[in-house]
Every structure is written in C-alpha cells, then in structure tokens.
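Engineer: dropping a prediction and its sequence here:
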Amino acid sequence: MRCICYFILLLVVAVTLQINAAHAQIAMPGAPVNINNAPQRDTTNRSSSVDWHDESVRVSFTKAGSLQTQHPDTTLHTFHRRRFSQPWHRDLGNSGSASRSLFFRPDNEGKTGFSSGYHVFDVYRFKADSLLYFNTTRPYTSFSFQLGSKLEQLVNILHTQNIKPNWNFAVNYQKITSPGYYQIQRVNNDNASLSTSYQSKDQHYSLKGAVVYNVQQQDENGGITADSFLSQSKYSERNTIPVAFENPGFSSRRSSVTTRLRDFNILLQHGYTWGRRDTVYSADSTQYYFELVPRFRITHRMELGSEKTKLKYQQPDSLTMSSFFGRQFAADDSVYSAQQWVWFDNRVMLEGFLGKRAQQLLFNAGIGNRLDNFYTDVLSGRDRNSIISNYLSGSLRKEALKEGAWGYAADAKFFFSGTAVGNFLVNGELSKDFGRKIGSIRVGGMQQLSDAPYAYTMYANQYYRQTADLGKQSTTLLFAEVANEPRGIRLGIRNYLIGNYIYLKDSLEGVSNGKLLMSQHDGAMNLTQLYLRYILRLGHLVIDNDLAFQQLAGGGPISVPTLLGRHTVAFESYLFKNALKVATGAEVRYHTSYNAEGYNPFYNRFYYQSDYTSVNKP
C-alpha cells in the first residue's frame, strides 16, 4: 500500500509541475460550450510551427480500446435524472444506498474468473476499466450540484486539460450524502478517479493510466417493521415509523448497524507501435501534422486492486437477533465481519493491424497471469484463500469510424491453469450505421463460464460461520438493437440463458434459524427482455418515453416486473435572449407487481424471496 501511495504522489507532482497557471473554463451541464458540432482534429500530432494554444475550444474523449471520438453531453434534458441509476435502478429509498436494477442483468455479466460478490453499490462506483480519456485544447471543468429533499446532496466535479498536446489528465470526484426519509438510513459516499493518456510525438509509444478510489458508507435500519404504517396518518412523517434496527440506547441519529465498502484500483496499459509515418497537410498547405499508420504493436497491461466490505453491529438486540446469530448478547457485545479481495493481473499482448488507418482491422493475442487473495476477518482471526491463475486472451476489432461503414468486434478469454481453469468469456458484435433515415443496427452475443463469487461460498463473523460448495455459473446472451438518434428512437431485444444460477435464498420457515441460504439453481432458466425509448419533440414540448418488457420462461429464482415504464412531459426553452435555458415538467414511473428482492445488511446483498409482493402506484 505504501508503494501505491508513492506512485500516486509522484504522478500528482509530475502533473502539477507541468501546469503553469491553468485557467479553467467552467461549463455547467446544459450550457452551450460550442463543442458538440465542432470538427474534431487530433491535436496530438501537430507540428511545432502551429501554436496549439491559439486553436478554438475543442473537448473530446475516447474510451479504452477505442478510437471512436465522442464529446461531453451538455444538454439539459436529463439533468434532473441521477445518471448512475438510469433507467431502471431502484435503491432502498435514498440516493447512494444499496441498489439493484428492475431490468435484470447478471452481476458479473461480461467478466470471468473470480470476484468478491459484493455488487449492491456497483452503480455508483467509478471503475478503472471504464474511465474516459480526454483530449482538449483548453482546460475544461464541469461542476454540478443537486440538492434534494431531506438534505440530500449530490456533487460532481470533473476537470481535464492537456499538459501538452500529446498528454492529458482528468480528475473526477463525486459526493453523495443522503440522510433519507426514514430513521437511521444515512448514506455517505465518496468516489474519485484520475486518468491520464500520453502518446509520444512520433506516435510510437502510448500510455493510458487510471487510479480509482471508492468509499460507500451506509447506515442500516433493517427496513420498517410493517408496511401498514405507510397508510396511517399519524406516520405521515416517515422518520417516525419504527424500523428493525432502532436502538435508542445507542443513538437516535446513527444506526448501530453500518456497512462500508472501500475499493482501490490502479490500471496501467502501455505499448510500442511499429508502422508507416505519413505527413498530412491542410487544404492550403500552411499547416501539417504527422500520422502513424500502425502495423504491429506490443502492449503490456497491469492492474492492481483491493476491495474490502466491512460490517459493524454495536450493541446487538438479543430480542430480534438471537435467531439469526443463535445466541444471546451482553450489553457490551458487538458483531464484526470483514471480507477483502486483493488482486494483481498482468498481461502481455501482441497486436497486428490491416488496412488503412480509418478502416483498420485490429487483431491481438495475449497471455496473462493473475493472483487473487481473499480474506475473511473476524475479531478472533482470519481465513485466507490465495489463487494463482493463467489465461489466454484474443480479440478481433474493426470500428466504424466513417458513416455507413460496418463495425465488428470479437473478444475471448480462457483460463488454462489454476483454480479458475475452464472459465472463459467469448463475445461478439456486428454494427452498421445506415444514415439518418434508417438509423443504425447492432447485433451480438456473449457466452461466459465463471466460478461462484467468494462471498457466496463463505460468510463469517465471530459468532456464526456459513460455507457452501457451489459450481460454475454459465451465462449466454443474445441481443439486437435498432436506433435512430436524430428521430429519438431506440428499440432492442435481449435474451438470457443462465445455467446453475447462484443466488441467496430466504429461509424464514425455520430452516437454518431464519438465515439466508447460499444456493444454486439446478438447471437453466430463460429470460427475454424488450425495451423501447421514443423521444418526441413538438416545438418547446418534449415527450420522453421508456418502456421495458420481461418474460421468464421455465421458472427460476429471479423475480422481475413484467412491464416497466417511465414517461416525461417537459417544456424546454431559452429565456432572456438565450441567457438562460429551462427544462421543467412532470415524470411518471411505474411497474407491474412482482416479488421484490429482499435486502440483508449482514450479507450486504439482495436475496430472492416469494412471500412479499411489491405493488407500485404511478
């Protein structure tokens, strides 16, 4: 950990020394930045005869492994929506709390190997492999602040700038605090990331680096003791409704049960490229820049991460908790449990290129080594499980960088040694943009086989221990999507076939003293999903509709609403001679009744239950 701190310190110092009196351009979401329709030209390859700082403002970004240039979204239309919970996520009643999607997605979709199994905060967390890598001609800062009911606050700050034309860094920070409507359900989350991208002047060497740090802290109230209180007038103030973990002897403002997830991740990917170097001149031949047409590349990818989930229960109530823990508690007792996952992944890839730069086919093959350490800590000791694995990887990719071009991609990863032997991930996708009238189409599929997450095979505190021997879970996905962004239409279908599904099951009928059971479904289940989004603009009136349909065939331990809907009618216009833009209206959300998942703070996961039905009023 000390080495990690030194690495971050040196990176920050290096960035600081390169910044000379930077002046940030403030751009609130919705403000006209004049970047969305600006012609984009890469500034990393400009000749020294061009004054880079005199260029007009341009801000763009790419994602790791992609050359597709994109621009920040500065529209106001969806500013009121929590971007991390769109479109179908639902939390425990206040922003930042444990969340799950009503539109079903497997927790480890698109990943293979090992995982900790804690995913209830995933929607809020920054992830090193999905950060954005910017390219700017001016320092760019985006700041947003949202204040909600019951002192809910959401702050997001993004700053990015090019230290040099070929070197950029970006810093992002997100803060969520929410006391909630009910008793002792406070949430306090901090998420931060640092990303940097560098390319040498001759374009042969390139580097992308990312550092992510997330802390999610949640006070657990165990839920209200009866939903009948919701219809009683004397409980119109929701913070007066009794909750399961209410403990006046501990505190009236903070819960005696708290969960905390902290994760830290460093990702470094760099490589050296061989190819032909061309000189490209402007139309009037007054400016020029160099362009490397790559033919072969060696890439090294290194990832180091740590994830820790901790539960504290101070002064547990014997009256309500003795059935779960199987014992009585003294006044000064406490329950403590923590699970930690530390991993190191190292991979080397050989990559080849075919065709012209704007239409190149990339293919690569690589080999990687991975170390996963899992720990379970209780006050009386520690359990440790150390796993070393080796895997092969490969990919084939051609991006549609020009309108009307076909794009396709295929990726594969296979573990050939270690405990994870046999795990694999294969996915492929085909896409094409047919133009404004027809739109674009995208079809693809995925197949993966993964081991059970560590938290599903092992749970322990100083009073109770539970283990399970679970097999591998297989997931098959087929999907197709048609979209026409200018017309505001997106229509798609997804089909999942899941075998040996791993889940937590309610056992309140006296089995295992009311505890949850780590379980695995025997057989396969099939889930079909349809979704539609349609945005209609009539002058200043905007009608935004989202619909989703889900159908489970053959039964299985998941329960989802059959129909989901979200509809917005809003007025959007500029006022005061275009000095101010407003968007105001009404939004309605609904879903059909279903057996909603329960949430258990001791496991820090949602679980399958069939006794309680959730009914939503629009």
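Structural biologist: Right, received. Where do you want to start?
Engineer: neighbours of the closest residue to residue 151 other than its chain neighbours, just the number please.
Structural biologist: Nearest residue to residue 151 in three dimensions, chain neighbours excluded: residue 179, at 5.5 Å (C-beta to C-beta, 6 or more residues apart in numbering). From N, CA and C alone the C-beta is placed, and that goes for glycine too. Per other C-beta atoms under 10 Å, the neighbour tally for residue 179 reads 20.
Engineer: likewise residue 386?
Structural biologist: Applying other C-beta under 10 Å, I find that residue 386 has 11 neighbouring residues.
Engineer: where do the helices of this structure begin and end?
Structural biologist: 2-18, 318-325, 454-457 (DSSP state H).
Engineer: so residue 566 makes contact with residue 588?
Structural biologist: Yes. In this structure, residue 566 is within contact of residue 588 by C-beta atoms under 8 Å, at 7.2 Å.
Engineer: so which of those two has more stuff around it?
Structural biologist: More crowded of residue 566 and residue 588, by other C-beta under 10 Å: residue 566, with 20 against 10.
Engineer: look up how far residue 528 lies from the more buried one.
Structural biologist: 20 Å (C-beta to C-beta, to the nearest Å).
Engineer: do residue 561 as well
Structural biologist: Remark: distance between residue 561 and residue 528 (C-beta to C-beta) = 14 Å.
Engineer: neighbour count winner among the two?
Structural biologist: Neighbours were counted for residue 561 and for residue 528 using other C-beta under 10 Å; residue 561 has more, 22 against 14.
Engineer: so the more buried one touches residue 590, yeah?
Structural biologist: No. Here residue 561 lies out of contact with residue 590, judged by C-beta under 8 Å, at a distance of 9.1 Å.
Engineer: what is in contact with these two at once?
Structural biologist: Taking C-beta atoms under 8 Å, 6 or more residues apart in numbering as the criterion, residue 561 and residue 590 both touch residue 616.
Engineer: quick check: end-to-end length of stretch 401-408?
Structural biologist: 11 Å (C-alpha to C-alpha, to the nearest Å).
Engineer: and for that stretch, what's in contact with it?
Structural biologist: Residues from elsewhere that reach stretch 401-408 (C-beta under 8 Å, 6+ apart): 67-68, 358-359, 396-400, 428-435.
Engineer: excluding its backbone neighbours, what's nearest residue 305?
Structural biologist: Using C-beta to C-beta, 6+ apart, the closest residue to residue 305 is residue 265 (4.2 Å).
Engineer: which ones are touching residue 359?
Structural biologist: Per C-beta under 8 Å, 6+ apart, neighbours of residue 359: 398, 401, 402, 405.
Engineer: I'd guessed the first one sits against residue 358; true?
Structural biologist: Which is residue 398. No. In this structure residue 398 lies outside contact range of residue 358 using C-beta under 8 Å: 10.7 Å.
Engineer: out of those two, which sits in the more crowded spot?
Structural biologist: The residue with more neighbours, out of residue 398 and residue 358, is residue 398; 17 against 11, by other C-beta under 10 Å.
Engineer: and that one, how far from residue 406?
Structural biologist: In terms of C-beta to C-beta, residue 398 sits 7 Å off from residue 406.
Engineer: before we move on, the earlier item: residue 209 is in contact with the residue nearest to residue 305, correct?
Structural biologist: No. Assessed by C-beta under 8 Å, residue 265 is found out of contact with residue 209, at 11.4 Å.
Engineer: and residue 170, how many neighbours does it have?
Structural biologist: By the criterion of other C-beta under 10 Å, residue 170 has 21 neighbours.
Engineer: with residue 594 instead?
Structural biologist: Around residue 594 there are 18 residues (other C-beta under 10 Å).
Engineer: ok, it - contacts?
Structural biologist: Residue 594 sits in contact with 559, 560, 561, 562, 613, 614, where contact means C-beta under 8 Å, 6+ apart.
Engineer: just the buried ones among these, please.
Structural biologist: When those are checked for burial by 16 or more other C-beta atoms under 10 Å, the buried set is 559, 560, 561, 614.
Engineer: between those, which is nearest residue 231?
Structural biologist: The shortest approach to residue 231 among the buried ones among the contacts of residue 594 belongs to residue 614, at 15.5 Å (C-beta to C-beta).
Engineer: excluding its backbone neighbours, what's nearest the closest one?
Structural biologist: Residue 614's closest residue in space is residue 596 (C-beta to C-beta, 6+ apart), at 3.7 Å.
Engineer: that neighbour and residue 615 touch, don't they?
Structural biologist: No. Counting by C-beta under 8 Å, residue 596 does not reach residue 615; the two are 9.6 Å apart.
Engineer: so what sits against both of these two?
Structural biologist: Residues touching both residue 596 and residue 615 (C-beta under 8 Å, 6+ apart): none.
Engineer: more neighbours: which of those two?
Structural biologist: Neighbour totals were compared for residue 596 and residue 615, and residue 596 leads with 20 against 9 (other C-beta under 10 Å).
Engineer: phi and psi next, for that one.
Structural biologist: phi -70, psi 150 (degrees, to the nearest 10).
Engineer: list the contacts of it.
Structural biologist: 559, 612, 613, 614.
Engineer: which members of the residues you listed are the farthest-apart pair?
Structural biologist: For those, and using C-beta to C-beta, no pair is farther apart than 559 and 612, which are 10.3 Å apart.
Engineer: need the residues touching each of those two.
Structural biologist: Both residue 559 and residue 612 are contacted by 595, 596, under the criterion C-beta under 8 Å, 6+ apart.
Engineer: the stretch 401-550 of the chain: strands as residue ranges?
Structural biologist: Secondary structure of the stretch 401-550 of the chain, counting by DSSP state E, counting those that start in this stretch: strands at 406-417, 424-433, 440-450, 458-460, 465-467, 473-484, 489-499, 502-505, 517-520, 524-538, 541-553.
Engineer: looking at these, which is nearest to residue 114?
Structural biologist: strand 440-450 (8.1 Å).
Engineer: for the closest one, buried residues please.
Structural biologist: For strand 440-450, the neighbour count (16+ other C-beta under 10 Å) marks 440, 442, 443, 444, 446, 447, 448, 449, 450 as buried.
Engineer: what's the mean pLDDT across that strand?
Structural biologist: For strand 440-450, mean pLDDT rounds to 95.
Engineer: can you give me the angle that strand makes with strand 406-417?
Structural biologist: Here strand 440-450 runs at an angle of 0 degrees relative to strand 406-417 (axes from the mean of the first three to the mean of the last three C-alpha atoms, to 10 degrees).
Engineer: and strand 440-450, which strands flank it?
Structural biologist: Strand 440-450 sits in its sheet next to strand 424-433 (antiparallel), strand 473-484 (antiparallel), going by DSSP bridges.
Engineer: got those as JSON lines, with distance to residue 548 and mean neighbour count columns?
Structural biologist: JSON lines is the format used below for those (distance: least, C-beta to C-beta, whole Å; neighbours: other C-beta atoms under 10 Å):
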{"stretch": "strand 424-433", "distance to residue 548": "21", "mean neighbour count": "18"}
{"stretch": "strand 473-484", "distance to residue 548": "13", "mean neighbour count": "17"}
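Engineer: what bits of the chain have low per-residue confidence?
Structural biologist: 1-55, 282-288, 320, 322-323, 507-515 (pLDDT under 70).
Engineer: the longest strand in it is where?
Structural biologist: strand 288-314 (DSSP state E).
Engineer: what's that one packed up against?
Structural biologist: Contact here means 3 or more C-beta pairs under 8 Å, 6 or more residues apart in numbering; DSSP states H and E; on that basis strand 288-314 packs against strand 257-281, strand 334-354, strand 361-378.
Engineer: how close does the residue at minimal distance from the centre of the chain get to residue 111?
Structural biologist: Centroid-nearest residue in the chain: residue 123, 4.9 Å away (criterion: C-alpha atoms, centre = their mean). From residue 123 over to residue 111 the distance is 16 Å, taken as C-beta to C-beta.
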